[in-house]
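Student: Below is the structure, and that's it, no one-letter string:
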């Protein structure tokens, strides 16, 4: 076996978020552009064609996407797929079969549909089926890049993060079984990308470590869905994150302002508010090859 000493850069750009810098547009949604050198990955698509506007402003060429991942089926992570398909179909698409389920947020008399837009579901029906991958277990999509598949849930303080149901009457709780995360292995640890962490951020990180024994968590980027979390959950999350000791923690989208304050107070300088336009770069050494 030999090892190349030439390093490469993994570049991650936040394309869509609830907050934005540099004159970019905002919406309640999330999307990441991940360039590993060998692969160009779009992780989630936001909720609308705003994805295309921000990508153009950031000089990200979405036509170069070879992989698109939907972390789960909610509209604010899948709605931009229809706009993307107006540009290109030249990518492999990964999502869980439950991503297309009807689902709702039910708060008393208020019922809101959260499901994947029908325009996107129609587009999936027309999408080349050989390029559509239904993910129901851990999956490697490239050397050193994996999808968790459904995440095992162990903690007693984490839940899905809201009043989520599979019916409008609020009788069938939605476990959001389609929730999954992406991880990228580097010699300095794992880079983890989450959409909303509906399985619980701590559950997600522990699940990823079981798939990568002995690997530390280097960075965590995405929505943590802690906006409605109580103080017990927030403090236990902070305690767990201290044990993971990531170099960078980038909360985005659905994390919530109060949770953001608690995370920054508890974890210090490693925790920075994510927003559209933020660019992150990680040095990685190629793996050993024969």
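Tutor: Cool, got the structure. Given the structure is predicted, the values throughout are model-derived calculations rather than measurements. Numbering: from 1, shown residues only.
Student: From now on I want contacts and neighbour counts done on CA atoms only, so please keep to that.
Tutor: Noted.
Student: pLDDT weak spots in the chain?
Tutor: Low-confidence segments of the chain (pLDDT under 70): 1-6, 286-290.
Student: Give the pairing partners of the strand ranked longest in it; include direction for each.
Tutor: In the chain, taking DSSP state E as the definition, the longest strand is strand 8-16. According to DSSP bridges, strand 8-16 forms sheet pairs with strand 31-35 (antiparallel), strand 279-284 (antiparallel).
Student: tell me which residues in the longest one are buried?
Tutor: Of the residues in strand 279-284, those buried under the neighbour-count criterion (16 or more other C-alpha atoms under 10 Å) are 279, 284.
Student: And it, how far out from the chain middle?
Tutor: 17 Å (C-alpha atoms, centre = their mean, to the nearest Å).
Student: what comes into contact with it?
Tutor: 7, 8, 9, 10, 11, 12, 13, 14, 186, 187, 188 (C-alpha atoms under 8 Å, 6 or more residues apart in numbering).
Student: hmm, back to that, buried set for the longest strand of the chain?
Tutor: For strand 8-16, the neighbour count (16+ other C-alpha under 10 Å) marks 10, 11, 12, 13, 14, 15, 16 as buried.
Student: Now for the residues you listed: which two are most distant?
Tutor: With C-alpha to C-alpha as the measure, no two of the buried residues of strand 8-16 lie farther apart than 10 and 16, at 18.8 Å.
Student: all helices for the stretch 1-150 of the chain, in order.
Tutor: 50-57, 75-78, 81-85, 118-126 (DSSP state H, counting those that start in this stretch).
Student: The shortest one - contacts with which helices or strands?
Tutor: This points to helix 75-78. In terms of contacts (3 or more C-alpha pairs under 8 Å, 6 or more residues apart in numbering; DSSP states H and E), helix 75-78 is not packed against any helix or strand.
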